[in-house]
Every structure is written in structure tokens, then in C-alpha cells.
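In: Okay, here's the prediction I keep looking at, along with the sequence it came from:
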Amino acid sequence: MKKNIAIIMGGFSSEYEISLKSGQVVYDTLDTSKYNTYRIHIFKNKWVFVNDLNEEFPIDKNDFSVLVNETKITFDCVFNAIHGSPGEDGFMQGYFELLNIPHTSCGMYQAALTFNKRDCLSALKPYGIKTAESYFVNLGDSIDEDAIIDKVGLPCFVKANKAGSSFGISKVYHKEELQNALDVAFKEDDEVIIEAFLDGTEVSVGVINYKGEVLVLPITEIVSNNDFFDYKAKYLGESQEITPARISDEQAEKVRRVAKTVYEVLRLQGFSRSEYIFKNGEPHLLEVNTVPGLTAASILPQQAVEAGISMPDLFENAIESCLK
């Protein structure tokens, strides 16, 4: 009997449009001879099943079911394609865990931790994971620009602490640009992380649980046409993503080892993609994504294809892993 798979997409953050694209790719890719697939749009004002005629049917949040033509549909598994809140920060994970519905992403605590850049970096430092020098600011704090610059230097990056897809991020070259960068970041989040600029090769490393084993995928080198890997570079083609990365065997082995350590130390499940910059030959962790982009142009699917894993196989493995 075919399993009912809910593909959740959308979300509450600036990333919702990207999430809808990821979710649609999953929906278009999964084998309908094996699964009954359902597109579920999750927004602040509505949770709905959207059929192929774009008709909407409300989700019953009490048990995550939907009534379609007098038939109640429940789900055997949830494929999580929500980037940002509430799919990548632990809220949906906690909800499904309370309902005892298997889902393809990591656990509630792991999602909340990895979505909070500064907490995640702090948790990993005792394990020898190298990171950029950083300074933390909360909304309402008095801003000591000199103290910030003394610690992280210039140029530096000002980032929303809990946001993805390069929303709320600025590269600051001069002290007088700092306040505007903070204002941009605070539009996305009430916590900000300011990091030293690391001048080196940037790479992205996908790690997945594949057929019961932790698998590090081929490494992707990020070459932005812009000043850094911003939203336009990520999603509007203003970058080169080169897989496998043009780095030495020694560098590749180092970053593979670090990425696997990060995955295992944090006890992640499903997909993850972590970003690094090499400084003095050593990979420095920038962030960990637990619901990475899943379109054909996205980095992790590109890496999977390079590893000989097709997109149908990649998505099916995620479902079968969580059903076990």
C-alpha cells in the first residue's frame, strides 16, 4: 500500500518563495507509483493542502490531517522543504514529534540550535571547530562601534543571527556603515552576529544520512560574482558553484572531516549543508543549514548528482530513512 507523503513548503520568513520552489521540485520528482504525494503550504494565516487544480483544503492542526471530498487523509511521513521559520528552527519538528509523525529533517533541538548561528558556533568550538572572530548584539543593546571593530576588524560581516538565504547580511568596510548594516539585520531578527572577514576560498559541504550511513558529498566551491555570496549570487545566477571544488586533496580531506564531525557531534539527521572558508589552509565554519535548497540548481542536489545519487533517489532515501 502506497504511503501518504506530505511535502511541507512555504513558511513564515523571507525564504518562503525559495521554499515553495524546493517543495514543488520534491513533488515533481517523487515517484507517484510508490507514494501518494501532497503539497502542504504552511503560512502564518493558513495551512492548506493544494491539489493539482490549485484548490485549497485546510489542514486540521490537531492531528495534521486534511478532509478532501469527505475523506480524511492522514500522513505516514512529512518531507520538510521549509527553509527558515518554522521548518528549520525546530517548531515544525517539535509539532510532528508530539504527533508522532516521522519527518525528513533533524530533531527539534538540533534544528533550533543550528538555526541560531551564534549558539551553534559556540556549541561546536569545544570540539575544535574553527570559526571567525565574532561579536554579538541584541536589539536594544547600546552599540559600541569601537569595541566591535577592535574585536572583529574591518571589513566585517553583519548578519541576522536567525535567518537564511543571505537575508539581513551586509559587508561593512567603514565604521560609518556599521549602524545601517545593523538596521538591515534587525529587520530580519532581534539578534545579530558580527563576524571578522575571512579572505579565502569558500566551500559548501553536503552531509546526508544515506542508506543508514553518514555520507559526505562532493565539495562545492563558491565563487561569487558579487562582493560576497549574497541572495543574488545564490538565487539569481550571480555566482559560480564548482563541484568538485578546486582545492588540494589535503584541504578536501580536512573539510570533509570537519563537516562529518559537525554532523555527528550535533546528532543531525537527514540533509545538512555546512559552509566554510579556508584561512591559512584551515576550514573555518560559517553556518550549518538543515533544510538546504532542493531545486536542481541548488548546491546539495548538485553534489548528490556528482556522487552518483539521482534526485529521485536522494528524496526517496530521505523518506525511507525516516520511515525506518
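Out: Structure received.
In: Please make it C-alpha for all contacts and neighbour counts, starting now.
Out: Fine.
In: Now do the strands for the stretch 151-300 of the chain: every range, in order, please.
Out: In the stretch 151-300 of the chain, the strands defined using DSSP state E, counting those that start in this stretch lie at 156-160, 169-172, 191-196, 202-210, 213-216, 220-224, 239-242, 271-279, 282-289.
In: least reliable of those going by mean pLDDT?
Out: When these are ranked by mean pLDDT, strand 239-242 comes last with a mean of 87.
In: in it, what's buried?
Out: Neighbour counts over strand 239-242 (16 or more other Cα atoms under 10 Å) mark Ser239, Glu241, Ile242 as buried.
In: What of stretch 65-74?
Out: Here stretch 65-74 shows Ser65, Val66, Thr74 as buried, counting by 16+ other Cα under 10 Å.
In: ditto for stretch 125-145
Out: Neighbour-count burial for stretch 125-145 flags Ile129, Lys130, Thr131, Ala132, Ser134, Tyr135, Val137 (criterion: 16+ other Cα under 10 Å).
In: how long is it from one end to the other?
Out: 26 Å (Cα to Cα, to the nearest Å).
In: now what about that stretch, what contacts it?
Out: By Cα atoms under 8 Å, 6 or more residues apart in numbering, the residues outside stretch 125-145 that reach it are 118, 121, 148, 151-152, 175, 178, 186, 190-198, 258, 282-286.
In: still on that earlier bit, mind listing which of the buried residues of stretch 65-74 are in strands?
Out: In strands, defined here by DSSP state E, the members of the buried residues of stretch 65-74 are Ser65, Val66.
In: Just send the buried residues of stretch 65-74 back as JSON lines, with pLDDT too.
Out: Shown next, in JSON lines, are the buried residues of stretch 65-74 (pLDDT from 0 to 100):
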{"residue": "Ser65", "pLDDT": "98"}
{"residue": "Val66", "pLDDT": "98"}
{"residue": "Thr74", "pLDDT": "98"}
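In: Under the pLDDT cut-off, which ranges of the chain? List them.
Out: 164-166, 226-238 (pLDDT under 70).
In: Where do the domain boundaries of the chain fall?
Out: Using automatic domain parsing, the domain parsing of the chain gives 3-104, 113-129+199-323, 134-196.
In: what distance separates the start and the end of the longest one?
Out: Right, domain 113-129+199-323. The first-to-last residue distance of domain 113-129+199-323 comes to 24 Å (Cα to Cα).
In: Please enumerate the strands of the stretch 1-150 of the chain.
Out: Under DSSP E, counting those that start in this stretch, the stretch 1-150 of the chain gives strands at 3-10, 35-42, 47-50, 56-60, 65-68, 71-73, 77-80, 134-138.
In: Parallel or antiparallel, which strands does the shortest one pair with?
Out: Read that as strand 71-73. strand 65-68 (antiparallel) (DSSP bridges).
In: and the closest residue to Glu306 other than its chain neighbours, what does it touch?
Out: Sequence neighbours aside, Pro218 is the residue nearest to Glu306 in space, at 6.7 Å (criterion: Cα to Cα, 6 or more residues apart in numbering). Pro218 sits next to Val205, Gly206, Thr243, Pro244, Ala245, Gln303, Ala304, Glu306, Ala307 when contact means Cα under 8 Å, 6+ apart.
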